Every structure is written in structure tokens, then in C-alpha cells.
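Q: sharing a model that was predicted from the sequence below.
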Number of protein chains: 2
Amino acid sequence: MFSGTQFSIYPMTSDFVPAIMRAIGALDTYTDIRRQTDDLSTLLVGPPDRVVQAMRDAFVAVAKGGPHVVLSATLSRGCPGESDDPICSAPALPAPGPGEDAAAVATARFAPGPAAGVPVSAQISLYPLGTEAHMVRIGGCIDFLKAVGVYAGSKHFCSKLTGDAADVFAAIERAWLDFAPMHAHVVLTVTVSANSPSLAR
Amino acid sequence: MFSGTQFSIYPMTSDFVPAIMRAIGALDTYTDIRRQTDDLSTLLVGPPDRVVQAMRDAFVAVAKGGPHVVLSATLSRGCPGESDDPICSAPALPAPGPGEDAAAVATARFAPGPAAGVPVSAQISLYPLGTEAHMVRIGGCIDFLKAVGVYAGSKHFCSKLTGDAADVFAAIERAWLDFAPMHAHVVLTVTVSANSPSLAR
């Protein structure tokens, strides 16, 4: 199995370099995740649930009391073009099996932990690949987002989410993991925004 | 048919609001495209080739002589969850048919026009949905990116591109249009960056 993300942090401030370095610094405690940064994004490779939690901490490190900042990420697992990597151990909780109600399972597993104190807007898109059943899986995921209270409405091509960063990233984690079999190729794209002046108007 | 994008412009400057407004202003000449902006992104709905060209102009309006700026976009066409919209007329050139070499067709159609004078780094991912043949189509697209000289290497989960903005956006246009049938559901995600201090080191 291979799982990880390419993610970027965009702090809307002329002091963006130290803000980005603060985000990267927040990853230091994730010693079970491999990372690599270039001019466009930071790659994280590791257990899929931990990868989402690491991204959350990187984002919160900049967003809390900080400038308008956006995180953009592509999460991918099970790509047939990638070799298995032992660092990507299976997540603690396997994907629901055939016949299980994935939305109900994901809702039961949703465990955001303590609030981060950072209200965010987000939009996410789930892409179950290599299957003709992708729209059914996307529909199940939307049911889950509604059930856990982060769903803020449908937009063309994505679902909008709002809530505390802890809730939204916890929902992202389950959305990525619970709506396709463990061996399947699944991509989730994510945009998370905090401190936008558009919302203060 | 329904085609469009959700795209965002992230100018890494404390003066980000006027920069974003300059990007949005560049869309005014695209009277054949419908648009809608919220706190996260701007939706463009229209003919798919024109949508890419509009995004290019919005990005160049900020990037040329401007701050470090990133465009992040999700392009989608043919989503079965969207109703047909007459504003989304078919592109001037239909997708290659079965048996045609899509990479060769896309390469012949690649027409970037005059250079924008803005060197960019980009990464893109193509997601042909609702098909078990997605990896074959992605492989064809990578062959095309190499053939037209914008391919800068493989990264996990995406392909890196470099070149003048005119070349890179022209390649994005063909990558989105030429590697799946016209009725298919195809998503392309794009990150385009200009003026990054990482490259000046």
C-alpha cells in the first residue's frame, strides 16, 4: 500500500516564508511520516490517518492567530502506479466491507478530539478511481459529512464544509478512508481556509 | 454537457485583496463564461477550452511583475451529477476517438499562442472517472506533456510542469480535453506557481 499527500500552505502575507516554515516545523513530531518539500508542495508519505492529522497540525500552526491562510492538498492512496511502502501501514480502522453502510460506519468512527480554536471553511472532492461506481461512493460520503455536522452545502464539483479545524480535518480523514475498499485507488482533494476577510464583511 | 472550474488565486502578499480583484477583473472579457465567487474559490462555467484560457489570463494578470502567487484549480467536465448547460458548448475540437493516438492528437492540437512572459512551475493530476482504464489514459497524457516540452518530471500523485504560462496553460487545456471521450467524467487538478523565492535560491 502507498498513501500520502502533496500539500501546500498559502499564507496571504508578505511574511509568508516564516509562516510556511512554522507549518513545516509542526510536522517534526510525526516521526512515522516521510516528507519532501519542493517549490510547489510538501509530500507526506505514511499511514493515511496520520498523514491527515499531520496536515491539520501544520495548518493550525499558521492559522491560529495568524493571517488569512489556505491549505490545498491532494490525498492519494492505493495508486496502482506506486510501489508498496512499509512506512504506509494500514490505517487503524479498515474500510467498511461490502454490505456495510459506509456513511454510518464513518459517522461512528468520526473522532475529532479537542477543538483547535480555528474556525475554517473548506471544500473537498472525493475521486474513487478505477470503478464505475464512483458516484454512489461520493453520495455515501456526502451523507456522512451531513451526519457529522460539517456539511455546509453543495458547490459545483465539490462539497463545502465549515467548522472547527479539528472537526473538518477529522471529517476529511474518514471521507478519504471509509468510502472505498482498502486496496482501491482513491483521491481526495481539499482546500481549507482560515481568517478570510470575505467572511468578515 | 457541463464543464467548468473552481479556481483560486493565492497572492503571497499582505496586499492580497487588490491582487485577487485584478485576477477577477481579467475575466471580464470572457462574456461567454458564467462566474460566481465565494470565500473559497471562483466558479467558471462555460466551454471547456475557454475556461482554461480565462484562468490563464486571471493568473497572468497577477503574476506578471507581481508577488509570489499560486493558482489552484479543479477542472471538471461531464459529471453525471450536473445538468447539461447550454453555456457549455462543446469545445472546438472533440476528444480523439477510439483507436486514435490521443497523445499524438493532443500534441498536434497544442497551440499556446504568444508567450505570456511569465515563467511558471506547475503540477497537474488527471482523473478519468467512471472507468477501469484510468491509468492508461493518464499514461497517454504524460506522453503528450513530454512531447510538447512542458514535462519537468514525475512526483508522487502528479506531474510537474515548467515553462511560460502560455505553454503550461495550453498543455492543461489539451490534457483535460483529449484523454477521455467527450461524454466522460474527467477531472483535472492544477497548481500553478510564479515568482517563488524557492527558485531564486
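A: Yep, that arrived.
Q: C-alpha from now on. contacts and neighbour counts both.
A: Will do.
Q: would you mind writing the CA trace of the helix or strand that residue A:124 is a member of as PDB?
A: Assigned by DSSP states H and E, residue A:124 falls within strand A:119-129. Taking C-alpha atoms only, strand A:119-129 is exported to PDB below (Å, rounded to 0.1, in the frame of the first residue of the first chain):
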ATOM      1  CA  PRO A 119     -12.900  28.100  12.500                       C
ATOM      2  CA  VAL A 120     -12.400  27.100   8.900                       C
ATOM      3  CA  SER A 121     -14.200  27.000   5.600                       C
ATOM      4  CA  ALA A 122     -13.300  24.100   3.300                       C
ATOM      5  CA  GLN A 123     -14.200  22.400   0.100                       C
ATOM      6  CA  ILE A 124     -13.500  18.800  -0.700                       C
ATOM      7  CA  SER A 125     -13.900  16.400  -3.600                       C
ATOM      8  CA  LEU A 126     -13.700  12.600  -3.400                       C
ATOM      9  CA  TYR A 127     -12.500  10.700  -6.500                       C
ATOM     10  CA  PRO A 128     -12.900   6.900  -6.300                       C
ATOM     11  CA  LEU A 129     -10.900   5.800  -9.300                       C
END
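Q: from chain B, how far off is the residue nearest the centre of chain A?
A: Centroid-nearest residue in chain A, with CA atoms, centre = their mean: residue A:172, separated by 4.3 Å. As judged by CA to the nearest CA, to the nearest Å, residue A:172 and chain B stand 17 Å apart.
Q: what is the mean pLDDT for the helix or strand encompassing that residue?
A: In this assignment (DSSP H and E), residue A:172 forms part of helix A:165-177. Mean pLDDT, helix A:165-177: 98.
Q: now do stretch A:95-103
A: On average, stretch A:95-103 scores 92.
Q: who touches the helix holding residue A:172?
A: With contact meaning CA atoms under 8 Å, 6 or more residues apart in numbering or on different chains, helix A:165-177 is reached by A:48-49, A:52-53, A:56, A:60, A:75, A:94-95, A:106, A:109-120, A:122, A:124, A:126, A:141, A:144-145, A:148, A:150, A:161-162, A:186-188.
Q: now the angle between strand A:119-129 and that helix, please.
A: Interaxial angle, helix A:165-177 versus strand A:119-129 (axes from the mean of the first three to the mean of the last three CA atoms, to 10 degrees): 0 degrees.
Q: give the next helix or strand downstream of helix A:165-177.
A: Following helix A:165-177 toward the C-terminus (DSSP H and E): strand A:185-194.
Q: now stretch A:58-66 - C-alpha only, CSV.
A: Extracted C-alpha coordinates of stretch A:58-66, given in CSV (Å, rounded to 0.1, in the frame of the first residue of the first chain):
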residue,chain,number,x,y,z
ALA,A,58,0.7,22.2,10.1
PHE,A,59,-2.3,24.3,9.1
VAL,A,60,-3.3,25.1,12.6
ALA,A,61,0.3,26.2,13.4
VAL,A,62,-0.1,29.0,10.9
ALA,A,63,-3.9,29.7,11.1
LYS,A,64,-4.2,30.2,14.9
GLY,A,65,-4.0,33.9,15.5
GLY,A,66,-2.3,34.3,12.1
